[in-house]
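Colleague: After the sequence you'll find the predicted model.
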Amino acid sequence: MVKLQVNGKDRSWDGDPDLPLLWYLRDEAGLTGTKFGCGQALCGACTVHVDGTAVRSCITAMSAVDGSKVVTIEGLHPTGDHPVQKAWRELNVPQCGFCQAGQIMQAAALLAGQGNPSDDDIRSGMSGNICRCGCYQRIAAAVRVAATGT
Amino acid sequence: MNAIIPARRAPARIENVSRRFILKGAAATGALVLGTSIGLPKGALAAYNTGAGGMPHGVVTDPKVFVSIAPSGEVTIIAHRSEMGTGVRTSLPMIVADEMEADWSRVRIAQAPGDEVKYGNQDTDGSRSTRHYLIPMRQVGAAARAMLVAAAAKRWNVPADQVSASNHECVHAASGRRLGYGDLAQDAAAQPVPAMDTLRLKDPKDFRYMGKGKISITDLRPITVGTAVYGADVRLPDMKYAVIARPPVTGGKLVSFDPKDALAVPGVEKVMEVQGWPWPSKFQPLGGVAVVARNTGAAIKGRDALKIVWDDGANAKYDSDSYRAELEASTRGSGKVVRNDGDAEAALKSADKVIVGEYYLPHFAHVSMEPPVATARFADGKLEVWAPVQSPGGTRDDLAKTFNIPVENVTVNVTLLGGGFGRKSKCDFAIEAALLSKALNAPVRVQWTREDDIHHDFLHTVSSERIEAGLDKNGKVVAWRHRSAAPTIFSTFEAGAKNAAGFELGMNFVDMPFDIPNVRCENPDAAAHTRIGWFRSVSNIPHGFAQQSMVGEIAAALGRDPKDVLLELIGPARIVPYSPSVEKPWNYGEPVDSYPIDAGRLRHVVEVLADKGEWNRKLPKGHGLGIAVTRSFVSYVGMLVEVAVDDQGKWTVPRVDACIDCGTYVNPERISSQLEGAVIMGLSLAKYGEITFKNGRVQQNNYDNYQVLRIDESPPVTNVHVIPASADTPPSGVGEPGVPPVAPALCNAIFAATGKRIRRLPLGQTLAT
């Protein structure tokens, strides 16, 4: 039995311990904000926080999050107004929007670890997250806005 | 329903072809669907025609179909096109709201299901939405406003022309009386829908929202908090989760399978065959073996454990290396003549100098971030589907046909699309979900993995382009012979189709706008060995790459400024007539009177780019500038790319300037975002875009070996210059046309930086030495 906390709520899983966290969140827990993009930790669409660290939930087995605190896009901020979320809206970052939950979770973790990243830090810190629509210029600008307010 | 469908007038000269109405036999006979023009109200400020009426089910402008008002004053506006990132789900309702004087903060947007009799055409592709619906949506809004005004006038017992509508209320200026839209809702709904020719559209100077770029997309907040609903986010009670193993070679078939190990995986409930259709069969599923489970992860794990024997069929030998040689050999020989002005053969023979460029572009996969996915519930002879489809009406028709049930028994609910790029114009994944739901008598979601998406895409074609340009002794281009060989999209509809369809020829090939007296275009045969489909910008990508690279090659041969040579080839500002030698001229389905090939606008884009993009700026060592411009989807788009190449040949792009003239526009902020994205997509395909086949199988699997651009390799600066246009300049495409000029501008820049001419994509991270 895997016990974990998701967005502050205690949960348990007694199915396949190898099941990727992504599918537990999406199909079993009904938290569909976290997206499936590649299944191989190549695109970052499934990024969530496990004990404060950004991880790719598509390759993270349920057994690996036993006793952990998981935060998804739905739980990032009680009213959805994390500075990163606000910056994303201020700069109209999304096009199709599908990758943005993963982008936002990645950016929030980046800023939590590094309050005022340089442009190069942002570009390298966000390089695991693909956006096929090509919103990169705005993503970089939004991370900067979230970090510095400008 | 008082659907008002504008009367069809005389067919426009130019033919149209919808993405889904390619009929069997059409390729052989050349019979295409005729485009017609839609009528406009008298006195409309924007007096232009479009090809909207020629699309399946045409246009509906009944305000009762698109607008409803609650007693609270909340206005609900229907979005009938699919949202895949262009912003259309916001832009079209915004037009209605502006024209009806609704306060945007009190507008709710509702997504229409697939129902083209009710809503008109819903094929969200070809950059048609704003182009075809700007005026109809204004008509809807103006009619709704007129009905509100009439209701208020009746209530006050005053003539309607003394009542005005402004910001969600009607006003009688003489008495100072006002009534909100909510108060008038019921009475307004009882008013007759005014005739289109009595409508008065707003003066553009009074627009609140249109053209301002101040309205964010309606889904912005849901996207940032994780509540936006995409294809895989619909959850039904007792839903099953399925993935499918499909034949690895196009046209292959299932021979046998052993489900034992798959069934042993925890959570797997069933393993079963899925019906497939022979290739080609338009958008019907490939068939295979489904693994059904309690969650998607279990289904994927189960599928990994399957043992399957396939019969690979006729395409088992498809090999990209040998196919490339075949294509290149064919463009070195002659082909079907599709344009012939003057005598290009003789002019090439007598030319002072002939420059030859052979260009090769491989297959591309769409890889939208959301892989194909659909949920279906088939019960009691009725089918309901939830899916991210670009073509909800076509999906509904195809589902009805597949199951031989009336379309009225099929409901297609359109979710947000996590990217589309043409892939989701094909509804095979929705049919798969429906097949499984019917067989299992339960709701089913079919999820494609990224590997499925790359292995079983409807790929962008692969092409060999060869251009020979003949120059006279003064350096003037007097002959142009372009041969293009590429498997056609028609091959997905009709077995054995080997020549380009009219809509492929009309994408920067036979419509090539240069001012050259002797022009010959040839289309050698090219057989398809996999499913070919529309990919954002379609044939403009290879054709534009060859054409705009050749401009750079000519400039280099003459030792002249490439921008000057480009302008000289475009020639003086004028309307370029379609060559009379072209049998079936295609103009993106649009009438040429509204959407001519305008050399002046093409020139202007080049001039704006050269100015705003600082064409003459000083560059550091190893840097170069390249420029390219194409008219596609009846818009004019150019790119000016700065490249930096280091000593090892590693290249980066520090800055891109993009310029578009798309006529009058609704949301310039989303135009910028589309162009920013097109730069990334264009650089992605230039750097990495290549799907290859070996033994009939796609060799790439996921984002590791089919790479797309990441943020750390994207240009730090992309400037977008949107050319302003008056309200009576017909709106043209935005979503598609940004991509084609990117790769040739990049390669022209690389030439400027290094003297190396790139004729084959992709480049990779480092230039070959």
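Modeller: On my side now, so go ahead.
Colleague: What residues does B:Val292 make contact with?
Modeller: By CB atoms under 8 Å, 6 or more residues apart in numbering or on different chains, the residues touching B:Val292 are B:240-242, B:268-272, B:299, B:436, B:440, B:444. Yep, even glycine has a C-beta here, placed from its N, CA and C like the rest.
Colleague: In strands, which of those residues appear?
Modeller: In strands, defined here by DSSP state E, the members of those are B:240-242, B:268-272, B:444.
Colleague: what sits against the residue in the stretch 101-250 of chain B that chain A sits nearest to?
Modeller: Closest residue of the stretch 101-250 of chain B to chain A, CB to the nearest CB: B:Gly226 (2.3 Å). Going by CB under 8 Å, 6+ apart, B:Gly226 touches A:31-34, A:72-74, A:101.
Colleague: Give me the pLDDT for it.
Modeller: In this model, B:Gly226 is scored at 98, pLDDT.
Colleague: quick one, helices of the stretch 1-150 of chain B?
Modeller: In the stretch 1-150 of chain B, the helices defined using DSSP state H, counting those that start in this stretch lie at B:26-29, B:63-66, B:88-99, B:116-119, B:129-156.
Colleague: Can you tell me which residue is spatially central in chain A?
Modeller: Nearest to the mean C-alpha position of chain A, by CA atoms, centre = their mean, lies A:Met105 at 2.9 Å.
Colleague: And that one, its phi and psi?
Modeller: Dihedral pair for A:Met105: phi -60, psi -40, per degrees, to the nearest 10.
Colleague: Now do the contacts for it.
Modeller: If you count contacts by CB under 8 Å, 6+ apart, then A:Met105 has A:47-49, A:54, A:71-73, A:76 around it.
Colleague: Look up the closest residue to it, ignoring the ones flanking it.
Modeller: Once flanking residues are discounted, A:Met105 sits nearest to A:Thr47: 4.3 Å by CB to CB, 6 or more residues apart in numbering or on different chains.
Colleague: Next, find the distance separating that neighbour from B:Ser714.
Modeller: 19 Å (CB to CB, to the nearest Å).
Colleague: Please apply the same query to B:Asn667.
Modeller: Applying CB to CB to B:Asn667 and B:Ser714 gives a distance of 23 Å.
Colleague: For chain B, give me its nearest residue in chain A.
Modeller: Nearest residue of chain A to chain B, counting by CB to the nearest CB: A:Gly33, 2.3 Å away.
Colleague: what sits against the closest residue to B:Glu83 other than its chain neighbours?
Modeller: Nearest residue to B:Glu83, sequence neighbours excluded (CB to CB, 6+ apart): B:Arg89, at 3.6 Å. If you count contacts by CB under 8 Å, 6+ apart, B:Arg89 has them with B:79, B:81-83, B:109, B:111, B:217-219, B:416.
Colleague: Need those residues in TSV (columns: pLDDT, neighbour count and distance to B:Pro585).
Modeller: Formatted as TSV, these follow (pLDDT from 0 to 100; neighbours: other CB atoms under 10 Å in any protein chain shown; distance: CB to CB, whole Å):
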residue	pLDDT	neighbour count	distance to B:Pro585
B:Ala79	98	22	33
B:Arg81	98	27	27
B:Ser82	98	29	29
B:Glu83	98	28	32
B:Ile109	98	20	38
B:Gln111	98	17	36
B:Ile217	98	27	36
B:Thr218	98	21	38
B:Asp219	98	20	39
B:Leu416	98	23	37
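Colleague: And those residues, which is closest to B:Arg294?
Modeller: Using CB to CB, B:Leu416 comes nearest to B:Arg294 of the contacts of B:Arg89, at 25.6 Å.
Colleague: one step back: neighbour count winner among B:Asn667 and B:Ser714?
Modeller: B:Asn667 (28 against 25; other CB atoms under 10 Å in any protein chain shown).
Colleague: you'd agree that one is up against B:Ile95?
Modeller: No: B:Asn667 is beyond contact range of B:Ile95, at 9.5 Å (criterion: CB atoms under 8 Å).
Colleague: Spell out which residues are contacts of both of the two.
Modeller: Shared contacts of B:Asn667 and B:Ile95, defined by CB under 8 Å, 6+ apart, are found at B:Met210.
Colleague: residues in contact with the residue of the stretch 551-700 of chain B found nearest chain A?
Modeller: The minimum distance from the stretch 551-700 of chain B to chain A, using CB to the nearest CB, falls at B:Ile680 (2.7 Å). Contacts for B:Ile680 (CB under 8 Å, 6+ apart) come out as A:131, A:133-134, A:136, B:709, B:714.
Colleague: Now with 6 Å, please.
Modeller: By CB atoms under 6 Å, 6 or more residues apart in numbering or on different chains, the contact set of B:Ile680 is A:134, B:709, B:714.
Colleague: between those, which is nearest B:Thr766?
Modeller: Using CB to CB, B:Leu709 comes nearest to B:Thr766 of these, at 15.4 Å.
Colleague: For the closest one, give me the backbone phi and psi.
Modeller: According to degrees, to the nearest 10, B:Leu709 has phi -60, psi 140.
Colleague: Which pLDDT value goes with the closest residue to it other than its chain neighbours?
Modeller: Distances taken as CB to CB, 6+ apart put B:Ser684 closest to B:Leu709, at 4.3 Å, once the chain neighbours are dropped. With respect to pLDDT, B:Ser684 has a value of 98.
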